[in-house]
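[1] after the sequence you'll find the predicted model.
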Amino acid sequence: MEDFSEFVGLSRPTVSKYFNDPSSVRKKTRDTIEEALKKSGFRPNIFAVNLNRRRSNIIGIVVPTSIDPFYMALTRRIELIANEAGFHAFVLSADGRADIEDNAIKTFKSMNVAGAIIAPLGSTARPKTLEQLGQSIPLVYVDSPLDETSAFVGTDNRQSFGLIVDYLCRSGEPPCYFGMPHVNTNALTRETAYLEAMARLGMEPHVLPVSEAASWDFEHFAFEEASRLLEKPADLKSRTILCANDRLAFGVLAAAWQKGLKIGHGNDYDLRVAGHDDHPLSQYACPPITTVAQNYDEIGRLAIQLLLHKLDEADHPAFGREQILLKSELMLRRSA
């Protein structure tokens, strides 16, 4: 910074003021600095700059896995809006491991981030680390809340499962439920939502007995478990299978195909399979998967807007604890 200040012929405080907020210096000064930047190629170390600030312009994002299309779409939306608001968004993946999530949270704390958006691992997370971070900066949770009081933006699972359970019961045999591994709080929330929806309709629920393995490889998990369950189709209790998410449905479809079973709606088919989330590839599966669509873009937009709102109020002793639940839309396709 000192070398650049000498190069541009201005004092270091003036140059620092420009990098903190370009609009805070006169236009002539700003033009001089920007012309010097083009000639010199100088860029300040944003980490050093942010460490010296009372509040940085870095927003941290932690997701359970970076390869899931849901989290990819979510972070892309958050990054775009954050950049428009003058913030740098940094994304770290926990890769499904609590120790890596713990390190990501500690990394963001050392970077002096202004706030963070976190999709927690839930049952395997380190809540104390998150609670400590939340005492110093605003946090917004997405996909699955840490608890009932944390600021959260996500899908209303009771509404979405009520919607698809109602459809499946009206259009054929009531569904049995294929649950997801207990990798976050959605596992329990979605199973509960299924049970409540069946109870409202006066139907007997049936949760399929699947392994308790905590795996994020949902497709492989579902393929292995469904292959085992389909050895005795009578044990399914229903020819309709409702999966906790579409990635599980992919595995179930593959297992059924290997067993020579036909998936679809009507008397000519052996099974109906439905999912949840509207995964980008669900409409291209064979057959296309009936599901309920989460609004990926809206979750991302509302999460970053809520965090930016909290940052405007960061001087107050308590941050808001809003929880926003979005409705889902039924997507009728050939699998059910």
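    Good, I have the coordinates.
[2] how does this protein divide up, domain by domain?
    Following automatic domain parsing, the chain resolves into domains at 2-44, 58-155+296-328, 157-293.
[3] so how far is the shortest one off the chain centroid?
    Taking C-alpha atoms, centre = their mean, to the nearest Å, one finds the center of domain 2-44 at 39 Å from the center of the full chain.
[4] ok so, going back, mind putting the domains of the chain into TSV with distance to residue 335?
    Placement of C-beta: from N, CA and C, glycine included. Formatted as TSV, those follow (distance: least, C-beta to C-beta, whole Å):
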stretch	distance to residue 335
domain 2-44	51
domain 58-155+296-328	17
domain 157-293	5
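[5] among those, which comes closest to residue 336?
    The minimum distance between residue 336 and the domains of the chain falls on domain 157-293, with 3.9 Å, by C-beta to C-beta.
[6] save the domains of the chain as JSON lines, and put in mean neighbour count and mean pLDDT too.
    Supplementary listing: the domains of the chain in JSON lines, determined by neighbours: other C-beta atoms under 10 Å; pLDDT from 0 to 100:
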{"stretch": "domain 2-44", "mean neighbour count": "13", "mean pLDDT": "84"}
{"stretch": "domain 58-155+296-328", "mean neighbour count": "19", "mean pLDDT": "85"}
{"stretch": "domain 157-293", "mean neighbour count": "19", "mean pLDDT": "95"}
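[7] okay, stretch 102-122 in CSV with CA atoms only?
    Presented in CSV, the C-alpha positions along stretch 102-122 are these (Å, rounded to 0.1, in the frame of the first residue of the first chain):
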residue,chain,number,x,y,z
ASP,A,102,-15.9,-27.0,12.4
ASN,A,103,-12.7,-25.9,10.7
ALA,A,104,-14.6,-23.9,8.1
ILE,A,105,-16.4,-22.0,10.9
LYS,A,106,-13.1,-21.3,12.7
THR,A,107,-11.6,-20.1,9.4
PHE,A,108,-14.4,-17.6,8.8
LYS,A,109,-14.0,-16.4,12.4
SER,A,110,-10.3,-15.8,11.8
MET,A,111,-11.1,-13.9,8.5
ASN,A,112,-13.3,-11.4,10.4
VAL,A,113,-16.3,-12.1,8.2
ALA,A,114,-19.2,-9.7,8.5
GLY,A,115,-21.8,-12.5,8.6
ALA,A,116,-22.4,-16.0,7.4
ILE,A,117,-25.0,-18.2,5.7
ILE,A,118,-24.8,-21.8,6.8
ALA,A,119,-26.4,-25.1,5.8
PRO,A,120,-25.5,-27.1,8.9
LEU,A,121,-24.9,-30.8,9.1
GLY,A,122,-27.4,-30.9,11.8
